[in-house]
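A.B. asks: From the sequence below, what's the structure:
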Amino acid sequence: QVRTNGMPLKRKQAFLEIAVKRAKQMVYGVPENEFDGDAVLKLEEDNLVRRDLNSSLVSPAHDVLEDWALEHYIESIYQRYSSNPQEFLNQIGHEPAINRAFRMWLYQKLKYGENVNDFVYSVLNNQNIKRYWQDETISAVLQGNNPDEFLKLLKDQLFLNGGELLKRFCFILRIACQTPDQTIASTVNKDNEDALVDALFLKPYGQGWKALISFLLEEKKSLAKALTPHITAVLNDWTSVLHLDKPLPAMAREVGLLALYLLDDLKESYGDDRDAKKLLSIVLKTVSVIQEEFEYLLETDVFIAKVGSRKRRPHYVNDLCEKVFSGFESAFLCKYNPDTLIKLAYFEWLIQESNKEDEPRYWSRIEVAECFGLHEHRYTFFPASGAKGPFRNLLYYHPKKGLDFILDLLNVTADKYAHSDLDYPRES
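C.D. replies: Residues are numbered from 1 along each chain as shown. From the prediction side, this is the model:
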């Protein structure tokens, strides 16, 4: 390496300027005549920059070195304006490449334990700072090793203005803290680009998920109803990659408990029920770690007299039963709570003798299903198929219980039919 005439310093300065100008101008390369010619030639000799002889443009040769240069540039400005975050951000620029470099710079500081708590708090608390800087800051915090520390630090601020900042945390978590699921991608033919794109499934990644979900559960009493769609989206993304035949992650119980809590406010909702359905799916996927709480939910909202009692069942119960009997979530209940599923099936499918006399009748004609002791218009499984209902999953995970249930159900309905007047001749 040539060290005469201050060449090392010239090389460094030239490389920094090339990287920064390219990032700010958002171009492939920048004119080489804007930099020290000797320094550029030495950088090219060491394969640190690429120089296009036809266009006389120069650019960094390696992405990792370009990232280092941009982070070095941001750090130098931070040292001068560390006490004034807004001026610091104004000085470094607002181009997309600079925004990305800022996020990486802040992530590195958080990773290696540098104290930037006051800086982060100032950025997120200053209403004059542009939203995109706050989003990049949130992203760096959630991708860091101690996001829970910042959530506690920002606790009061997160719930101001209807939880606007908390909504941003939920949104950024879903965008920035996911990574491709290699277990799915590995099963796809790498030569088929279209199939590879279709199989690009993402999965939650990093400490931010556990930190935010744990924080939300701890502060559940402070959650406004307007936050429910945002929190539900976070929980739904987290459970979207749960596999029936793999152990649940340790934080699955927290996810299930938070879903149950949010569901409580939506039980009587008659509007858009998409959030309620998502929460029901989350509850069923985590049922193995919230069995006691799930049993309590069924006892208080489902296993009550359907008609004879004055107490009316919550609106969401029908959606819950649809998922239990027909949804793909049924497999989780069949595997981990077969007795509960069987009990629910008997309760929902069979006409209860104690309430039969109290059921209102709007016509005198007796339906065929009623002669078998079954409700006529409840959870229909048309067209008939072995894939309909929970039977296949019950037989797969608990063959003995599944077979006993099927035989007993057939015996009960056959006995009801035998004592009915379905085949009796009727007077014309």
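
A.B. asks: gap between Leu409 and Leu403?
C.D. replies: Computed as C-beta to C-beta, to the nearest Å, the Leu409 to Leu403 distance reads 11 Å. Backbone N, C-alpha and C define where each C-beta goes, glycine included.

A.B. asks: Comparing these two, which shows the higher neighbour count?
C.D. replies: Between Leu409 and Leu403, counting by other C-beta atoms under 10 Å, Leu409 is the more crowded of the two (18 against 13).

A.B. asks: What helix or strand is the more buried one located in?
C.D. replies: helix 399-418 (DSSP states H and E).

A.B. asks: Next: Ala233.
C.D. replies: Going by DSSP H and E, Ala233 is in helix 228-239.

A.B. asks: ok, Gln352 - how many residues close by?
C.D. replies: Neighbours around Gln352, by other C-beta under 10 Å: 16.

A.B. asks: An error on my part: the question was meant for Lys221.
C.D. replies: 6.

A.B. asks: re the thing from before, so what does the helix holding Leu409 touch, helix or strand wise?
C.D. replies: helix 338-349, helix 391-397 (3 or more C-beta pairs under 8 Å, 6 or more residues apart in numbering; DSSP states H and E).

A.B. asks: between those helices, which one is nearest to Pro249?
C.D. replies: Nearest to Pro249 among the helices and strands packed on helix 399-418 is helix 391-397 (20.8 Å), distances taken as C-beta to C-beta.

A.B. asks: tell me the SS of Pro314?
C.D. replies: Three-state assignment for Pro314 (DSSP: H, G, I helix; E, B strand; the rest coil): coil.

A.B. asks: Name the nearest residue to it, sequence neighbours excluded.
C.D. replies: Lys267 (3.9 Å; C-beta to C-beta, 6 or more residues apart in numbering).

A.B. asks: next one: Asp273
C.D. replies: Asp319 (6.7 Å).

A.B. asks: ok, that neighbour - contacts?
C.D. replies: Going by C-beta atoms under 8 Å, 6 or more residues apart in numbering, Asp319 touches 273, 276-277, 280.

A.B. asks: Which of these sits closest to Gln207?
C.D. replies: Distances from Gln207 to these, taken by C-beta to C-beta, are shortest for Leu280, at 28.0 Å.

A.B. asks: so where's the stretch 301-428 of the chain shaky on pLDDT?
C.D. replies: Filtered on pLDDT under 70, the stretch 301-428 of the chain yields the residue ranges 305-311, 353-366, 377-380, 424-428.

A.B. asks: likewise the chain?
C.D. replies: If you take pLDDT under 70 as the line, the chain has these spans: 1-4, 184-200, 270-272, 305-311, 353-366, 377-380, 424-428.

A.B. asks: Could you rerun that using 80?
C.D. replies: 1-5, 182-200, 268-272, 304-313, 352-368, 376-387, 421-428 (pLDDT under 80).

A.B. asks: what about the strands in it?
C.D. replies: Using DSSP state E, the strands of the chain run over 30-31, 49-52, 57-60, 178-180, 202-204.

A.B. asks: Out of those strands, which is the most enclosed?
C.D. replies: Ranked by average neighbour count under the criterion mean count of other C-beta atoms under 10 Å, these are headed by strand 57-60 at a mean of 20.

A.B. asks: Okay then, goodbye and thanks.
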